[in-house]
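Student: how does the following fold in three dimensions:
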Amino acid sequence: MFFRQKIFAIVAAVVLILLIVELIRRRKLREEYALLWLFTGLGILILVLYYPLLLWLSKLIGAITPTTTLFLFAFLFLMLISIHFSVKFSRLFDQMHKVVSELAILKKELEELKSGKDKSPQS
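Tutor: Model prediction:
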């Protein structure tokens, strides 16, 4: 890996880790996702700092250059995150649909109760 590539990857990993820590501190990122992102940043940092490990992984998967290995892992990671969020969004949509349906039923029942109360004779 060229020196500039190594410096860029180290800076990117450190910035990612610092950004995640700041988002956690401000309570803008939930812990379940924070650990995932922290491990990602640490993984990038480890692969860049321990170049022989990156070379071994590249050889293992048949990649020509180590940077290709980094991009492949980044691409796979983003695909898995996208699938995870798609599943979460689908589940949330189903829950929202159920809540909206229940709310509509309750609203109709409340209107029926109010209209029945208004029609009843006053004593």
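
Student: grab the nearest non-local neighbour of A63.
Tutor: In this structure, A63 finds its nearest non-sequential neighbour in T69, 4.6 Å apart by Cβ to Cβ, 6 or more residues apart in numbering. For every residue, glycine as well, the C-beta is placed using N, CA and C.

Student: the one you found: what secondary structure?
Tutor: helix (DSSP: H, G, I helix; E, B strand; the rest coil).

Student: could you measure from it over to L80?
Tutor: According to Cβ to Cβ, to the nearest Å, T69 and L80 sit 17 Å apart.

Student: do the same with F2
Tutor: Taken as Cβ to Cβ, the span from F2 to L80 is 29 Å.

Student: which one's more surrounded, these two?
Tutor: L80 (11 against 8; other Cβ atoms under 10 Å).

Student: and the more buried one, what pLDDT?
Tutor: As predicted, L80 sits at a pLDDT of 90.

Student: please, which helix or strand holds it?
Tutor: helix 66-119 (DSSP states H and E).

Student: tell me which other helices or strands that helix touches.
Tutor: Helix 66-119 makes packing contacts with helix 31-49, helix 51-61 when contacts are defined by 3 or more Cβ pairs under 8 Å, 6 or more residues apart in numbering; DSSP states H and E.

Student: let me know the secondary structure of K28.
Tutor: Per three-state DSSP, K28 ends up coil.

Student: L42 is in contact with I17, isn't it?
Tutor: Yes. Contact status for L42 versus I17: in contact at 7.0 Å, counting by Cβ atoms under 8 Å.

Student: tell me which of these two has more neighbours.
Tutor: I17 (17 against 13).

Student: quick one: mean pLDDT over stretch 90-100.
Tutor: Rounded mean pLDDT across stretch 90-100 is 96.

Student: and the lowest-mean-pLDDT helix or strand in the chain, C-alpha only, in CSV?
Tutor: Across the helices and strands of the chain, mean pLDDT, DSSP states H and E gives its lowest value to helix 31-49, namely a mean of 84. Presented in CSV, the C-alpha positions along helix 31-49 are these (Å, rounded to 0.1, in the frame of the first residue of the first chain):
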residue,chain,number,x,y,z
GLU,A,31,-25.6,1.9,21.3
GLU,A,32,-26.6,-1.2,19.2
TYR,A,33,-25.4,0.6,16.1
ALA,A,34,-22.5,2.4,17.8
LEU,A,35,-20.7,-0.8,18.6
LEU,A,36,-21.1,-2.0,15.0
TRP,A,37,-19.6,1.3,13.7
LEU,A,38,-16.8,1.3,16.3
PHE,A,39,-15.8,-2.2,15.3
THR,A,40,-15.8,-1.2,11.7
GLY,A,41,-13.5,1.8,12.3
LEU,A,42,-11.2,-0.4,14.5
GLY,A,43,-11.2,-3.1,11.8
ILE,A,44,-10.2,-0.7,9.2
LEU,A,45,-7.5,0.7,11.5
ILE,A,46,-6.2,-2.8,12.3
LEU,A,47,-6.1,-3.8,8.6
VAL,A,48,-4.2,-0.7,7.7
LEU,A,49,-1.7,-0.8,10.6
